[in-house]
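> Pasting the sequence and the predicted model now:
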Amino acid sequence: MRKIINLLALIALLPLLAFTSNVEFTASAPQEVAVGERFRVTFQVNARPSSFNGPAFQGFRALSGPNQSSSTSMQIINNQTTVTETFTYTYLLEASQEGSFTIPAASVVIDGTTHQSNQVTVRVRAGAPGAQPSPAPRTQPSPDQPARATDEELFVRATASTTNPFQGQQVIVTYNLYTRITVHQYSIDGLPSYRGFWSENLTQQGQPQARTQIIDGHTYRVAEIYRVAVFPQRSGELTIDPLEAELVISLPGQRRQSLFDEFFGGSPFDQRRNIRQKVQSNSLRFNVKPLPTQNRPAAFTGMVGTEFDVNATLNMEEMGINDAANLRIAISGKGNMRMLEQPSINFPANLEVFDPNISDNIRNTTSGVSGSRTFDYVMIPRTGGEFIIPAWDFVYFDPVAERYVTRQTPEFTIQVSGDPGIAGTAAGVSAQEAIRLLGTDIRFIRTGAVTFVPRGEVFFGSSLFWLLLIIPFVLFAFFVIYWRNQIRLHSNQDLLRNKKAQKLARKRLKVAKAFMDKKSENEFYDEIFRALWGYLSDKLSIPVSILNKENVEGAFRAQKVPEELSENFLSTLNDTEFARFAPGEKEDRMAEIYDKALRTIVKLEKELRNKKS
């Protein structure tokens, strides 16, 4: 019997295991390239990673990478809205030798779990004649003029804001071109691999601005051709390899040797010619210091930077059971914002909290990487009473001050109306009660009345026996079905918001009616707007930040909402927008807008439910 129960439990849990395998991390590259050919290797993941570790490219020369990009797409299929976020890491490689090479798997860390991509095999064949780009025409050098610019006339110098940083500290690396000759154009032929660093490109678009600098008595034209922010990921000695650039420069050509040449050729002065020349910068060596362990707070998670600030807001402090509240935590500063981890807050046990929605506002400027990352939590109390969200400490290391800095969010208290039931306590903390002796030194086996069973009657095989035997299996089946539905509901934030959309809209309308009774016109219209836009955002799973009338019309068409109802909803929005400026009695207008908004939401809710059924 125990084996059967274990088997049933395993079968019931199989669909739940699918929720843990929804991360897709893939690598792609051409199957075949030629020696000297450049190609791209792309790593793509469908979830936001906290870190990315690229592979070693044996048999290839890494020209640049990893270059990070991200994209977000929204699809509405069968009345279901799906928002997909994709992160892409791209390397530019050059095949350097023949053979078959396997590019190892890269790895990313998502929610504390490491995921690996697939391996990619690339076959490198010999380069066919004419397959390589033809070189620029070159003139044979003459004895009285150089074949290329000297290192004193043309060079690239790499400099760093500091060569003795702390682990994780932002370092600005600048590549400047110094020249005493004419440079017509340039291109970055090969970027360092930045092994041991996280890198962010800071190069501005457009032509670089040139300036004049005197070095050892010589005047140089100096232009910044590349700028990058690097963050050392480990302590010790690290090296950044040279950057390679290809330039088109102008050098003096072959001098004419006779008066006849000068007469028929024109100028007796030197002719100039353009040639291509490759230059390399110097390498940079860093002595990376480990973060100090003395006085390191327990809440420190590895963030390094400057000028960090934390702002936390709660949209409501009084609510009912199963209502939704939003806690927003915004962290801003200067540093590697893409490595910022999710806050670890000890929420009360009876306050259900969903995974936060993460939004970034990260800027790459010439001064470095800065910006903010915002975490939006949706919280739903399951019982009444008082819930306390404790303060959260954000700790970072300031490399300038060389000390740990703590920024703390305030403590929030939520009052939930309804039956308190079980008091909300911190997650993972169970109340401990002392064991009390209820009697004296003698404990009786039985103190109540004794019931005797007639001789010959046995419990085994009776109707009650079989009923009690079957009931656990029936209850187990119902439990599995309920459990799966709860996991599906709680893992899909959009579905949860969809189910609560009408309730939240009615609550906002109730608040609007209170403002109408108080004749608070501005607050009334603001709450009506929140009710209409909030309902549509929750029902169609579209963020409020991208909602507009065009998106609404497209979403209604996708949901096959009747045109009359769609126009009625948009008309209600327009009436709400212009009502506060229209002449007439304010009370009559507010009552009319309130009734129209209520009817519109009720009709739209009925229509969308009918579509799903």
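Looks like it came in fine.
> For my notes, confirm Ile471 occurs in a helix.
Yes: applying DSSP: H, G, I helix; E, B strand; the rest coil, one finds Ile471 inside a helix.
> mind listing the helices for the stretch 151-300 of the chain?
Along the stretch 151-300 of the chain, counting by DSSP state H, counting those that start in this stretch, helices occupy 259-265.
> can you list the weak-confidence ranges in it?
In the predicted model, the stretch 151-300 of the chain carries pLDDT under 70 at residues 253-272.
> By mean pLDDT, flag the weakest helix or strand of this structure.
helix 259-265 (a mean of 42; mean pLDDT, DSSP states H and E).
> right, and Val561 touches Asn610 too?
No: applying C-beta atoms under 8 Å, one finds Val561 not in contact with Asn610, separated by 10.4 Å. For glycine as for every other residue, the C-beta is placed from the backbone atoms N, C-alpha and C.
> Do a quick rundown of the strands in the stretch 501-613 of the chain.
In the stretch 501-613 of the chain, no strands are found when defined by DSSP state E, counting those that start in this stretch.
> thinking again about what came up before, mind checking which of Val561 and Asn610 has more residues around it?
Using other C-beta atoms under 10 Å as the criterion, Val561 and Asn610 rank with Val561 on top: 19 against 8.
> Which pLDDT value belongs to the nearest residue to the more buried one once chain neighbours are set aside?
Closest residue to Val561 apart from its sequence neighbours, by C-beta to C-beta, 6 or more residues apart in numbering: Glu607 at 5.9 Å. Looking at Glu607, its pLDDT reads 76.
> any idea how far Glu607 is from Trp533?
With distances taken as C-beta to C-beta, to the nearest Å, Glu607 is found 18 Å from Trp533.
> Counting neighbours, which bits of the one helix or strand Ile487 maps to end up buried?
Ile487 is part of helix 463-491, with elements assigned from DSSP states H and E. For helix 463-491, the neighbour count (16 or more other C-beta atoms under 10 Å) marks Val480 as buried.
> before we move on, what about stretch 198-215?
Neighbour-count burial for stretch 198-215 flags 198-200, 202-203, 208 (criterion: 16+ other C-beta under 10 Å).
> residues in contact with it?
Outside stretch 198-215, the residues that touch it by C-beta atoms under 8 Å, 6 or more residues apart in numbering are 66-67, 172, 178, 219-231, 233, 336, 338-339, 364-366, 368-369.
> If any of those residues are buried, put those into a PyMOL selection.
Burial among these is assessed by 16+ other C-beta under 10 Å; the matching PyMOL selection reads:
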select buried, resi 66+172+178+220+222+223+224+225+226+227+228+229+230+231+233+336+338+339+364+368+369
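> what's the closest of the buried residues of stretch 198-215 to Asp588?
Closest approach between those and Asp588, by C-beta to C-beta: Glu200, at 58.0 Å.
> partners of the nearest residue to the closest one once chain neighbours are set aside in the sheet?
In space, and not counting its chain neighbours, Glu200 is closest to Ala229: 4.5 Å by C-beta to C-beta, 6+ apart. With DSSP bridges as the criterion, Ala229 is bridged to Ile172, Glu200.
> list the contacts for Ala229?
Contacts of Ala229 by C-beta under 8 Å, 6+ apart are 170-173, 199-200, 202, 364, 368-369.
> Output these in CSV; the columns should cover distance to Arg407.
Below are the contacts of Ala229 laid out as CSV (distance: C-beta to C-beta, whole Å):
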residue, distance to Arg407
Gln170, 18
Val171, 24
Ile172, 24
Val173, 29
Ser199, 27
Glu200, 23
Leu202, 26
Asn364, 24
Gly368, 20
Val369, 19
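> Report the two of the residues you listed separated the most.
Farthest pair in those, by C-beta to C-beta: Val171 and Asn364, 14.3 Å.
> quick one: low-confidence parts of the stretch 351-500 of the chain?
Scanning the stretch 351-500 of the chain for pLDDT under 70 picks out 421-448, 450-459, 488-500.
> those helices in the stretch 351-500 of the chain, which residues are they?
Using DSSP H, counting those that start in this stretch, helices in the stretch 351-500 of the chain cover 463-491, 493-517.
> Any idea which of those helices gets closest to Ser281?
Nearest of the helices of the stretch 351-500 of the chain (C-beta to C-beta): helix 493-517, 48.3 Å.
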